[in-house]
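Colleague: For reference, the sequence and a predicted model appear below.
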Amino acid sequence: MNAMNKSLKKIKSLFLTITLFFILMLSALSISLSALAADQTVEMLNRLEKENMVFSKKIVKIDEGDTVFWKATKPGHNVEFIKGGVPEGVTKFKSAISKDTEYKFEIPGIYAYWCTPHKGMGMIGFVVVGNDKSNLESVKKIKYMGMSKKIAIELINSL
């Protein structure tokens, strides 16, 4: 009977160890999956390193269904999708000035956007959804203004 009790205690201990191991693994997996979420935050800034009037990330690559959050870190900025610079079926998007905003990207493709008051100063960015570049030619045809022309060419070439 004593040997049987010892065996049962060992089995019970092994069972508890395996159960704890699986609980820890599931916890680690759920933390890892949330860290892989592709939602992105882009800050609207007056200055970043040597550049004035700039988004903190000029190119953001995400999956369909992900959201980009634009944080109005400094006042006077907004986000506006550039006409002709978004995939077919995407409606006009323009945020209020000096307000945080977000957009959930449901349609794959390239989204060109700028800060309306500072587009001539080169405050532009791109979101690439689903690694789909099927509308690249229409993005290239946009009439960028001022410094945005040069910056757009560099960014488009890096897509």
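Modeller: Here it is on my side, so go on.
Colleague: Output the lowest mean pLDDT helix or strand found in this protein.
Modeller: Across the helices and strands of the chain, mean pLDDT, DSSP states H and E gives its lowest value to helix 2-35, namely a mean of 59.
Colleague: any idea how the protein splits into domains?
Modeller: Listed domain ranges for the chain are 1-36, 40-158 (source: automatic domain parsing).
Colleague: And the closest residue to V68 other than its chain neighbours, what's its pLDDT?
Modeller: Leaving aside its sequence neighbours, V68 sits nearest to Q40 (CB to CB, 6 or more residues apart in numbering; 5.1 Å). C-beta coordinates here come from the backbone N, C-alpha and C atoms, glycine included. Note on Q40: pLDDT of 97.
Colleague: Q40 touches I62, doesn't it?
Modeller: Yes: the pair Q40 / I62 is scored as a contact, 6.1 Å apart, by CB atoms under 8 Å.
Colleague: Of the two, which one has the most company?
Modeller: A direct count of neighbours by other CB atoms under 10 Å for Q40 and I62 places I62 higher, at 20 against 15.
Colleague: next one: phi and psi at the more buried one?
Modeller: phi -140, psi 170 (degrees, to the nearest 10).
Colleague: if I pick it, what's in contact with it?
Modeller: With contact set as CB atoms under 8 Å, 6 or more residues apart in numbering, I62 has these partners: A38, D39, Q40, V68, F105, V127, V128, V129.
Colleague: Name whatever forms a beta bridge with it.
Modeller: Note on I62: beta-bridge partners by DSSP bridges are V129.
Colleague: ok, now how distant is it from G85?
Modeller: From I62 across to G85, the span is 16 Å (CB to CB, to the nearest Å).
Colleague: partner strands of the strand ranked longest in the chain, parallel or antiparallel?
Modeller: Taking DSSP state E as the criterion, the chain has its longest strand at strand 40-48. With DSSP bridges as the test, strand 40-48 is paired with strand 51-55 (antiparallel), strand 67-71 (parallel).
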